[in-house]
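Novice: Pasting the sequence and the predicted model now:
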Amino acid sequence: MPTKAKKSVSFQASTTDELKEETNAESQVEIPFNSSALLVPFHLPVILGFIFNGLLENPRTLLIQGIPTLVAAQFGYGILITKRFKSSNTNSKKKSKSSNNNNKNNNNTPILLVGSILISILLSIPLFIVIILFGAPLYGLLTETFLLSVHLSLILFYPILVSYKLDFAQFLQSFTPGSGDQIYQQLYKNQLIFASIGGVVGAWFGVLPIPLDWDRDWQQWPITILVGGYIGSLLGSILSLPFSE
Amino acid sequence: MNPFLYSIVLIVHILGFVVFLKGFFPSKVVLSGYSEFRDAPQSPFTGSNGEPQQFNKFVLMVVDAMRADFLYSETHSHMSFVHQLISEGSAIPYTAFSNPPTVTLPRLKGITTGGTPSFLDAILNVADDKDSSQGLSSQDSWVRQFRYKSEGKTLNFYGDDTWLKLFPKKEFFSETDGTNSFFVSDFTEVDNNVTRHLDSELSQSPSTWDGLILHYLGLDHIGHKGGPTSSHMESKQKEMDSIVERIYNYVSVDKEKSEDTLFIVMGDHGMNEIGNHGGSTEGETSAGLLFISPKFQKIKSSKKLKAPLPNSENYSYFNKINQIDLVPTLAALLNFPIPKNNLGVMIKELLSLWDKVDERNGLLMENCYQFKSLVDAKYGIDLDQEIEDSADNELQNIKLKWDTLKNDTIGKNISTYYDFLYEAQGVLAASATNYNYSDITTGFILLGTSCLIVVALFIKYFVGSISIYYLIGFLSFSLAYASHFFGSSFIEEEHQIWWFFMIMSTLLLMAYSKFRSTPYFLVVLVCVRIIRTFSNTGQKFKTPYTLASYLISEPSTLWVLVILTYFILGLSAFGQGCFINCFAYPNYTTLRDRHVNDFGPIFTFIGVFVTASLSLSFKLVQSFIDGNKIPKWITWLLEWNCESFGVSDIDSIDKKQLQAIVIQLSKLFSYSLLSLFCVKLIVGKLRGITNAMYTDLNNLIVIFLVHQTRIELIPIFIVFSVIRFAMAKIILHLEKNILDELILIISVFSLCLQNVTFFSMGNTNSLATVDLSNAYNGVESYDVFIVGILTFISNFAGPIYWSLATMGWLLETKILSFEYNSNSVDFVHVKKISKQIYSVKALIYLTFYAVASVFLVGSCINLRFHLFIWTVFSPKLLFFASWTLLLNCIVDTIVIGTILLVT
């Protein structure tokens, strides 16, 4: 489901303009960070654990309570990502701007992270509409669905936003070049994108247990989807590791 | 693909399925003849010294769907008089287990004959009306025993006409008034129709009847419409309570008579949390049952009972009995032989009415002997003789108990009798599920063979012609769908699976089109989402917030949308295809007058719009009869309709007259639609204007589908039309390099759409939701064939729509997308390609259904002793039979094939 990611990122294209740096339009496609076991979002299952430490009777409060925790954790995760940035792309970048670039990176990190979080939260609105279109209940559970989309948005979009420094053009490049095979390679070599894809797939298949007649609390909307998103994201990230350079 | 080979596989598939069904639902063997007392003419029920029998007369008041808690619960019951009767000991309350299927016809059979119904009865409840094989005139029942007692008794009956199907009036009843139970939205009329007879029936003293049977339907209708907590429930219960009071007062005015008449109040079944029934949940199987007479005050145990009781989670109040226990108990109380096929056991508490131990033992013994004859018949033995050691365990146990009973002459304990009775009951009741294993195996082998062949054909055809991913994708889709049959909750919530596939296939199609027509895909997604909101889907949850229920509560909006639907569909029938061209004069220059040249539009306009208006009028009057609100601004049409049938005052109109009008309207509509269909076909053929013929005929059929749809669901056809148009646009702009790939993807998409709409139009995999409200449109006298077809069409209107639309998408894409000037050529004009499309699509569908059927049948065989086999798997078998036999074989293959052939 790369479509979802693409469509939603286009939403923030204009926002990006102010924040983004002048360096872009490189013809060479490159993943802007080094994949590493460090970048596996191990915090996600921990947060999930925190969330479900409470009672399951009211998913709404749990979802609300989970958001600050998730935001904080993702913020930390964002720092981790910026630390793994390829050392300002030494070999390919124009030398004159190289140092400049480095400076900006350092200066912009807090803005980048905060901006990414805000944009992720904004992106939860289109994501919300998509989830509704895909069949989320319309009556009575709209709040839950929206909270779900905030969670998913923070998990799915935020790492990508940070890693591409809110640079949409550069992000698009991951998908544009040459033959089809390369696109797929880009997808699974890019640990963060593959984590997002894993999250989407996880959320997608998270709906399966809902109709079963086990009558458990966790079968309530939207818990299985949330769990699917979290776990899928983690698995995607791990699965991508062997392929990354 | 070889059409001959395909037909053989299809026939083997159908044959396999039918043979399997025959083995899986064997018709039950019952003993014929009517029973007599063991020591005839001496009755064990009156005592040896000629004491009088317990009761001479009875009143049986059946309240449809009277669940136990409606009678006894503190919170759910508003029947204060009943509570008072229980508390003073005049009524003995029970929670009576109602054996599934909990539908009226099988339950009435159980209540009257004492047998356990076969699953087929549940279907016949839906299908039969005057089918004589269902009558109980040749089968022993307490109604028969009572009616033909030596004296010859008089029985009167008022209420649900299901009784009259079972017990024809001329054989059983003196006075009757049957009420049709299919107008579910009517809460009051059905009951007033019964109650109004009480005036005359309860006025004379002594009464003119010996037995009075009343069957009230209103409570069940309220349940179906609004669930057990509906706002109408309280007033309906109070109404029932007042009727109980009225009858009780009548039967107990003076002491003589009160000792004479037994009054029974009971539900034939219960209802589940959402007010439906047919399954086996505790709510559905827990019916209430009350024996009422002042005489019962002398039974000590009944003194201690108090009502109402605190609410019970599992609907269990007071003593639990089996509903069929009523049968031998009635026999004892009213003094007639126990019906031959009875599996009920006499109710313990009521035995205290007989003072002497000997008498009680005597009547239990009668019950035992009656069971013995059933056991003898089942095993072909005589219990009194020695049996072989090789006999199976069950029989050994029964024999043991029987011997104890026979030999233990002194100080016989009541429990000895009950030991035998319950043991025998268990074994005999199980015989209702005697599978015919040879048929089952044969059916399974045939299905398996046809599945293997069709999958081989499928692979052989598609390998090389399409990308291997699509091939694997389709087969795994079929397998994924088929494997859901192993989970009962997946069957109950099948719509979720289809919704999942629906979104997947839309996205797949979107990717396949390389995102070329994204706006149209958005339209499709939004429309599909709207379809999903139309009705409650699945059996687990029910919300009152569906589009359909909103429309019912807003009649004005509803009727605007309904008129809009008819308008849009009429317009597409009028203008989309080549209807006008068919009837336009050829361009003879001799015709000077230009207006004469316009005969085509005029004829088409009149034909199509008169037909559509007839259907609209029909829907309006039907809706009025059903008691739905008609908005003020449209009542003129209603009045005009009635006036044209010679009825001037609409408020005082009789239901019967309205029924006649509705039948006439529906007939008129059907005839005019049929003639349009034929005229179009013949004229088009004769003049060689076959362009867009398929679309034209398709559009006409759609009007009939609307005609067969419930009023609140009619606006869904607007959404259908939008999807049909958007998809045609999408398909028009698809690359058609690999035709087989296109057919495969469109077929899968269409399958998903068929199923999603099927479930969104209020259907489930349970018999409880089979919609009969349009099964009798235009039918005067019952005809199983016509009513069957109408039932199928009214329940499968959505799937049929998409069957037709899919062929249109592939064959007449330009017409359906209104792009007449497009450069591409519609496939319908290339005979070779249209043949290929038809046959490849048939192959794809058959592959899907063949794989699914093997899994479903395998799952049913595997789970044949499962708790849910009769409530989940068997209904699914029948629904699946409708899908594969009726929809795939008849509609997709035969009907559409014929249409393509003649156009």
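Specialist: Right, received. Where do you want to start? Numbering: from 1, shown residues only, chains lettered A, B, ... in the order given.
Novice: so where is the stretch 301-450 of chain B shaky, pLDDT-wise?
Specialist: Confidence mapping of the stretch 301-450 of chain B against pLDDT under 70 gives the ranges B:301-303, B:390-391, B:409-412, B:430-434.
Novice: Now with 90, please.
Specialist: The model of the stretch 301-450 of chain B has pLDDT under 90 over residues B:301-319, B:334-337, B:340-343, B:348-366, B:368-438.
Novice: and the residue of it nearest chain A?
Specialist: At 14.0 Å from chain A, residue B:313 is the closest residue in the stretch 301-450 of chain B, using C-beta to the nearest C-beta. In short, each C-beta sits where N, CA and C put it, glycine included.
Novice: That residue belongs to a helix?
Specialist: No: if the criterion is DSSP: H, G, I helix; E, B strand; the rest coil, then residue B:313 is coil and not within a helix.
Novice: That one: neighbour count?
Specialist: 7 (other C-beta atoms under 10 Å in any protein chain shown).
Novice: same question, residue B:39
Specialist: Using other C-beta under 10 Å, residue B:39 has 11 other residues around it.
Novice: just checking, it is part of a strand?
Specialist: No: Residue B:39: not assigned to a strand; according to three-state DSSP it is coil.
Novice: Distance-wise, check it relative to residue B:416.
Specialist: For residue B:39, the distance to residue B:416 equals 20 Å [C-beta to C-beta, to the nearest Å].
Novice: likewise residue B:203?
Specialist: 48 Å.
Novice: And those two? Which one has more around it.
Specialist: Taking neighbours as other C-beta under 10 Å, residue B:203 and residue B:416 compare with residue B:416 leading, 17 against 10.
Novice: Skip the chain neighbours and tell me the closest residue to that one.
Specialist: residue B:405 (5.5 Å; C-beta to C-beta, 6 or more residues apart in numbering or on different chains).
Novice: Where does pLDDT dip in chain A?
Specialist: In chain A (pLDDT under 90), the answer is A:1-70, A:72-113, A:134-142, A:144, A:160-194, A:205-224, A:226-227, A:236-245.
Novice: just the helices in it please.
Specialist: Counting by DSSP state H, the segments of chain A that form helices are A:2-11, A:13-19, A:43-51, A:59-83, A:95-133, A:142-156, A:158-163, A:168-173, A:180-189, A:191-205, A:223-240.
Novice: Residue nearest the middle of chain B, spatially speaking?
Specialist: residue B:770 (3.9 Å; C-alpha atoms, centre = their mean).
Novice: In this structure it contacts residue B:791, no?
Specialist: Yes: shown here, residue B:770 and residue B:791 form a contact pair, counting by C-beta atoms under 8 Å, at 7.3 Å.
Novice: residues touching residue 46, list them.
Specialist: By default, I'm working from chain A. Contacts of residue A:46 were listed using C-beta atoms under 8 Å, 6 or more residues apart in numbering or on different chains, and they are residue A:73.
Novice: meant chain B actually
Specialist: Applying C-beta under 8 Å, 6+ apart to residue B:46 gives the contacts B:52-53, B:335.
Novice: helix/strand/coil for it?
Specialist: coil.
Novice: With residue B:359 as the reference, measure out to it.
Specialist: 9 Å.
Novice: Check residue B:112 too.
Specialist: According to C-beta to C-beta, residue B:112 and residue B:359 sit 26 Å apart.
Novice: can you tell me which residue is nearest the centre of chain A?
Specialist: residue A:156 (2.5 Å).
Novice: State the number of residues packed around the nearest residue to it once chain neighbours are set aside.
Specialist: Distances taken as C-beta to C-beta, 6+ apart place residue A:196 nearest to residue A:156, at 4.5 Å, with adjacent residues excluded. Applying other C-beta under 10 Å, we find 28 residues neighbouring residue A:196.
Novice: just residue A:232 next, same as before
Specialist: A count of nearby residues for residue A:232, using other C-beta under 10 Å, gives 25.
Novice: Distance check, the closest residue to it other than its chain neighbours against chain B.
Specialist: Leaving aside its chain neighbours, residue A:232 sits nearest to residue A:202 (1.8 Å; criterion: C-beta to C-beta, 6+ apart). To chain B, residue A:202 is 15 Å away according to C-beta to the nearest C-beta, to the nearest Å.
Novice: Fine by me, thanks again.
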